[in-house]
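[1] Have a look at this fold, sequence not included:
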């Protein structure tokens, strides 16, 4: 047993983490819309934020904290308003939000991370932050992980929270995670050294781990998780993935490059990967999850470009909705992706069934037979370009009526 | 009067061109599915074809003809089967098709261009080519432009054919054009020097023009027409744009770089631009046409990248469907497009109404007021990045239920 998932695990599974999810009033629906996460001990922090130039105010604020390198104690998240494209006032609002939460929790303002998700362009009402922070503080509990995970949701239909454990030198180290995001999902996060959907993801851990090892684990995890997913190809202004390590597990400090660091990274990747996959499955209007594995590219970078082109193609995504094998659309997307390969050397398997060989119909199954195979909750596309050893896996979904409906009339 | 559109103009408006559209049997629907275009005099040829690596067999064949530099006399187009991803047999079928048409018309096989559009992966039945060629030859007429334009359609709902005229040294020079394409539309054509939707576009002209000037005019026209449009972001394997000049207008030969070449280019751009715009308006499921003008970029190349990101964004396209001004999504797409600019210097107008200034809500109109303005058949998005003099215009459309419906179950 290397990495084990914990039943009903959440961000409060690791030692010393408390959480809450409350209704502050950001959403017109009255659904929970503010989450608070608190650690009994100071946490080392690693973070990755959106690569969108219009980084939202809370992202600008959180980056500063990550750059500062000081320990943090809490995270406050509101859903319903993104506090993006709000200029200087938005940044002051983010700072004020952190200060409000800090005062209530008795910690320093620069020990509080803030995140926002929802509609772009609106200002964050400070009175709602105050209300939510007060309610959240009162509700903080060792059992609050699920509530917190629910409160960060927008168009999500399912709570996405998990936890895993590993053994480090005789001690149990636990990692808990939660994430949200269903639309505007194509996170391309950039890690921030101490000193980038709207997807929001928070991982807590009680591991004792060096800052360097924590950063390395986060960096190594991105391509195995959030940076390999897309729902609609739109990279949000607010994407945030942070890992908080409070050191309460009592293990010998995990050092970068060690076997234990490898195990921790494996655990983090398993947890973040699961969160990312569940995010796509719960993406806006999604009826089918699709894994696109590109192999045989000249480089991993080429394989990524090709996998992303297929994963984002409206024609591929609508065909998947219709359980139409339509391999021509997959090859077409590979062909316009901009990378180099020989079309006559391309092989494609759909649901592990040979479909294209040497750039042409493999003739193994009829279109109808392939259609039956593709009419499944998960479709696996294996494309080999025959041009080298580069590979990349992208997780995507179909494009449905429901996606159009949700986004042609989006109000929280 | 520089360039004038001709009422009910078509590819048979220029002197010496005959056309026909017939039912050969490629489409299960029984709709016309083969077009023939014939010139009474040999034509100089300029062509631009898809940049997709999986270039269809007819594209491979036509490129050879363009490279050969010899005059051509005819074009045969079938709709319903794309003859793409069909390997060596597909190429032999393209050659055979040209030979069949050539023999019937009494011209050489290398004087006949062939094009195909429709489903990828199927072989072209030669008996249908024979039937269509025979029917087409019998139907060739000076009035056949409209029939030809109808026969090249697939999911198009409207015939797209126009003609323009200019005066060159006292002589009238006429250009006629037809195009098809509604899905898999994001042509990025590359011009082929004599020696790259499925969009297909054919322009006929009776101009006397040098090969060099014809090529230059075609090259200059691309960014003003087909290379600035997208319906679904998918660049087809079969995209083709050819210009045939038979020299029957009797004008003094138009030389590259001359004022007349400028006028000819203007005429070709006006014609091709109109065809391209109509293609987007008639795109699959389209309910709204959208023009995205990006200015103030560091370079024209940057402006193009930014305009394309907005034009292809599923969130922008679904918002446009809903007449939702949602300027945050437009800024978001600009922000992840990958180019550099200062978010605080960005201005956005929707329908010529100030919407964003300095990266924030301009506060001129309410969301409801902007929504009313955007509920129009054409939406104009003017985005200024405040970073330089680069500019580019992209023509796109909304993303609708109907698009999903058409492409989740596509059969000709």
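    Arrived safely, thanks for sending. This structure is a prediction, so every number in the text was calculated from the model and none was measured.
[2] Quick check on the residue of the stretch 101-250 of chain A found nearest chain B: phi, psi?
    For the stretch 101-250 of chain A and chain B, the shortest gap (CB to the nearest CB) falls at residue A:120, measuring 2.6 Å. For the C-beta atoms, the positions are set from N, CA and C on the backbone; glycine is no exception. Backbone torsions of residue A:120, given as degrees, to the nearest 10, read phi -80, psi 140.
[3] low-scoring stretches of the stretch 301-412 of chain A, by residue?
    Across the stretch 301-412 of chain A, residues meeting the criterion (pLDDT under 70) sit at A:410-412.
[4] Give me the pLDDT for the residue of the stretch 101-250 of chain A closest to chain B.
    You'll see residue A:120 listed with a pLDDT of 87.
[5] Enumerate every residue touching it.
    A:56, A:82, A:84, A:85, A:237, B:326, B:327, B:328, B:329, B:331, B:332 (CB atoms under 8 Å, 6 or more residues apart in numbering or on different chains).
[6] For residue A:122, which non-adjacent residue is closest in space?
    residue A:81 (5.0 Å; CB to CB, 6 or more residues apart in numbering or on different chains).
[7] Is chain B within reach of the helix ranked longest in chain A?
    Counting by DSSP state H, the longest helix found in chain A is helix A:259-281. No - on the criterion CB under 8 Å from any CB of the partner chain, helix A:259-281 is out of touch with chain B, staying 14.4 Å away.
[8] in that helix, what counts as buried?
    A:260-281 (16 or more other CB atoms under 10 Å in any protein chain shown).
[9] Distance from stretch A:225-232 to the middle of the chain?
    7 Å (CA atoms, centre = their mean, to the nearest Å).
[10] Then stretch A:280-288?
    For stretch A:280-288, the distance to the chain centre is 14 Å (CA atoms, centre = their mean).
[11] What is the end-to-end distance of it?
    End-to-end distance for stretch A:280-288: 9 Å, by CA to CA, to the nearest Å.
[12] same question, stretch A:65-75
    End-to-end for stretch A:65-75, by CA to CA: 12 Å.
[13] got the contact list for it?
    A:35-39, A:42-47, A:101-102, A:105, A:107, A:110-115, A:192, A:194-195, A:202, A:211, A:242, A:244.
[14] Can you tell me which of those are buried?
    With neighbours counted by 16+ other CB under 10 Å, the contacts of stretch A:65-75 contain buried members at A:35-39, A:42-47, A:101-102, A:105, A:107, A:110-115, A:192, A:194, A:202, A:211, A:242, A:244.
[15] Sort out which of these are in helices and list them.
    Going by DSSP H, the helices hold A:101, A:102, A:105, A:211 from these.
[16] how about these in TSV, adding pLDDT?
    Listed next are these as TSV, based on pLDDT from 0 to 100:
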residue	pLDDT
A:101	98
A:102	98
A:105	98
A:211	92
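[17] what's the closest of those to residue B:231?
    Residue B:231 has its nearest neighbour among these in residue A:101, at 46.8 Å by CB to CB.
[18] Could you give the number of residues near the residue nearest to residue A:122?
    Neighbours of residue A:81 under the rule other CB atoms under 10 Å in any protein chain shown: 23.
[19] got a list of what the spatially most distant residue from the centre of chain A touches?
    Largest separation from the mean C-alpha position in chain A: residue A:363, at 38.7 Å (CA atoms, centre = their mean). Residue A:363 makes contact with no residue, according to CB under 8 Å, 6+ apart.
[20] for it, helix, strand, or coil?
    coil (DSSP: H, G, I helix; E, B strand; the rest coil).
[21] And it, its phi and psi?
    Torsion angles, degrees, to the nearest 10, at residue A:363: phi 70, psi 20.
[22] Can you list the residue ranges for strands in the stretch 1-150 of chain A?
    A:4-5, A:17-22, A:34-49, A:72-81, A:112-119 (DSSP state E, counting those that start in this stretch).
[23] mind putting the ones you listed in TSV, distance to residue A:313 included?
    Shown next, in TSV, are the strands of the stretch 1-150 of chain A (distance: least, CB to CB, whole Å):
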stretch	distance to residue A:313
strand A:4-5	33
strand A:17-22	37
strand A:34-49	26
strand A:72-81	30
strand A:112-119	27
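[24] any idea how far residue A:189 is from the nearest residue to residue A:188 once chain neighbours are set aside?
    Leaving aside its sequence neighbours, residue A:188 sits nearest to residue A:51 (CB to CB, 6+ apart; 4.8 Å). According to CB to CB, to the nearest Å, residue A:51 and residue A:189 sit 7 Å apart.
[25] who's more crowded, those two?
    Taking neighbours as other CB under 10 Å, residue A:51 and residue A:189 compare with residue A:189 leading, 26 against 17.
[26] residues contacting the nearest residue to that one once chain neighbours are set aside?
    Nearest non-adjacent residue to residue A:189, counting by CB to CB, 6+ apart: residue A:48, 3.8 Å away. By CB under 8 Å, 6+ apart, the residues touching residue A:48 are A:189, A:190, A:191, A:192, A:196, A:218, A:219, A:222, A:226, A:240, A:241, A:242.
[27] Against residue A:227, how distant is the second one?
    Distance, residue A:190 to residue A:227, by CB to CB: 9 Å.
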